[in-house]
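[1] this one's structure only:
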């Protein structure tokens, strides 16, 4: 089921008396169960797009539909039952407790005094157990780490019980393990039948977990497709790295251009080969895994055996191997 | 840090009252009207004055993101109102000036029962509105964007807040005179005592604590050994100003942000 779609939408903002258009002719759609990453360089209009979709920002032209109804037809509170957001801004009230903050997500459902009914409380409990933050319930916001805070804000969006959740850079400032945890959480949220849209700069994580990518470019049309297709078409390269082309498209990592120190043939245990190769490349060696060269390294049982010409030396760590090669 | 006195809202309603006292008397209006009609005019003028100042501040706040600048704007509006009042005083008769001076000292005791009727009706309406606004104010704790995404209609809520504040501040100022620092200090005291940011709890608590403290201050102002009563405005300012200084020293900055 299509949760949201846009029709020749133009986004931007008013600058003086003229419209500053960031993106135009956007025709995209997101269905339930899908997780989509929105990528592009800074200033390309990702946040503006997100705010436009969620009704927080005026569009310049075109239309946004929520479940086939034009966004303007919704009242503020009925729109709040369709779409919830996690933004980059932090709340003013650092003294709010986690449970109070999540309870605010029930705003569109509670009565005029904001009293919580049994079903409100159930939704809050469910949101907290889905995000695994039950243990944080009584903490104040200023006591949370960045990762915990992000999970709390996601729980608040879940408590809002919307079909669509939009997140603006949910993994910014997080360490790798927290990034992965958040992305897996979002994946499971999408798995429960909701639609998830993420604006992000995390290439590797979003390549692996998104069903589709939306790529925003300066002065070029928006691209929409399966991440792997977009990689093969070179679209990711053009969108995200227009200036330096040192990105290895097969892995999404930085390519090593400095390979002037020579060639090394690397053999042995696959895991050891992988990390030894990375260390050698960083230090200026080109690594290959089949063609014979002047230097051969065999990795087995946590021992590195270096063979060059007639000599053969063993090392018990990559560090010692590198010292020898220098 | 934003109280009605600091933001110039009280001064705005002071200007309204001054206009009624000085110009109204000149025109011979007040003598012809009965007591109740006169107090209604005072209330309306005071509410309109505070409404004007509040409207200016809210309009400016859309452009200014910095709360310090907003406070300075409030002080400027207050200063402008005071200047206008001075001009009015300069061209007025001595009796009117005295009437205005008496009013500006503030007093809790100079109301007739009829006036008290009007006063209580408006205040009760205002208090109910304040409690009704609690839910949206709670959502606004997360910032305007989050509040809007949770279904708060910012335009309507802003307008309601303006109307309610000017009604409450205007009425109280019209009847009791400009009472300084009280409105600023109460929410902070309530928050310090009860450690909550939930407006649904805070609003009734502030009303209660405010009422209790005001009675206490009024008792202090009626010194036992003396016939005369100290102006309530002087008492609240004398006790309130040190408290505000204490708040400033404790917080170190005015922004209510994530820093502990």
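    Structure received. It should be emphasised that the depicted structure is a prediction, and the values quoted were computed from it without experimental measurement.

[2] buried stuff in whichever strand or helix holds residue B:103?
    Element membership for residue B:103, per DSSP states H and E: helix B:94-105. Neighbour-count burial for helix B:94-105, counted by 16 or more other CB atoms under 10 Å in any protein chain shown, picks out B:96, B:99-100, B:103-104. Backbone N, C-alpha and C define where each C-beta goes, glycine included.

[3] Ok, stretch B:239-254 next?
    Buried residues in stretch B:239-254 (16+ other CB under 10 Å): B:239-240, B:244, B:247.

[4] Over to stretch A:97-111?
    Neighbour-count burial for stretch A:97-111 [16+ other CB under 10 Å]: A:97-109.

[5] Ends of that stretch, what's the gap?
    21 Å (CA to CA, to the nearest Å).

[6] chain center to it, what's the gap?
    26 Å (CA atoms, centre = their mean, to the nearest Å).

[7] how about that stretch, does it get close to chain B?
    Yes. Using CB under 8 Å from any CB of the partner chain, stretch A:97-111 reaches chain B at A:100-101, A:104-105, A:107-108, A:110.

[8] And the contacts of the helix or strand hosting residue A:127?
    According to DSSP H and E, residue A:127 maps onto helix A:118-130. Identification of contacts with helix A:118-130 by CB atoms under 8 Å, 6 or more residues apart in numbering or on different chains yields A:99, A:102-103, A:105-106, A:109-110, A:116, A:134, A:137, A:155-156, A:158-159, A:161, A:185, A:188-189.

[9] If we use 6 Å, what do you get?
    A:102-103, A:106, A:110, A:134, A:155, A:158-159, A:161 (CB atoms under 6 Å, 6 or more residues apart in numbering or on different chains).

[10] buried sites along it?
    A:120, A:123-124, A:127-128, A:130.

[11] Specify which member of these is nearest to residue B:200.
    Nearest to residue B:200, judged by CB to CB, of these is residue A:120 at 14.3 Å.

[12] Please read off the pLDDT at the closest one from the model.
    What the model reports as pLDDT for residue A:120 is 92.

[13] Report the contact partners of the closest residue to chain B within the stretch 101-250 of chain A.
    Closest approach between the stretch 101-250 of chain A and chain B, counting by CB to the nearest CB: residue A:114, at 3.6 Å. The neighbours of residue A:114, taking CB under 6 Å, 6+ apart as the test, are B:135, B:200.

[14] Please settle this for me: is it part of a strand?
    No. Going by DSSP: H, G, I helix; E, B strand; the rest coil, the assignment for residue A:114 is coil, not a strand.

[15] Show residues contacting the host helix or strand of residue A:52.
    Assessed by DSSP H and E, residue A:52 sits inside helix A:46-53. The contact list for helix A:46-53, computed with CB under 6 Å, 6+ apart, reads A:11, A:22, A:38, A:40, A:57, A:59, A:64, A:166, A:168, A:199.

[16] Show me which parts of it are buried, residue by residue.
    Buried, per 16+ other CB under 10 Å, within helix A:46-53: A:46-53.

[17] Partner strands of the next helix or strand after that helix and their direction?
    Note on helix A:46-53: by DSSP H and E, the next helix or strand toward the C-terminus is strand A:61-66. Using DSSP bridges, the strands paired with strand A:61-66 are strand A:2-15 (antiparallel), strand A:69-70 (antiparallel).

[18] residues in contact with the shortest one?
    Under the criterion CB under 6 Å, 6+ apart, residues residue A:63 lie in contact with strand A:69-70.

[19] Distance from the chain centre to that strand, please.
    28 Å.

[20] could you give the mean pLDDT of the next helix or strand after that strand?
    Counting by DSSP H and E, the next helix or strand C-terminal to strand A:69-70 is helix A:76-79. The average of the pLDDT scores along helix A:76-79 is 92.
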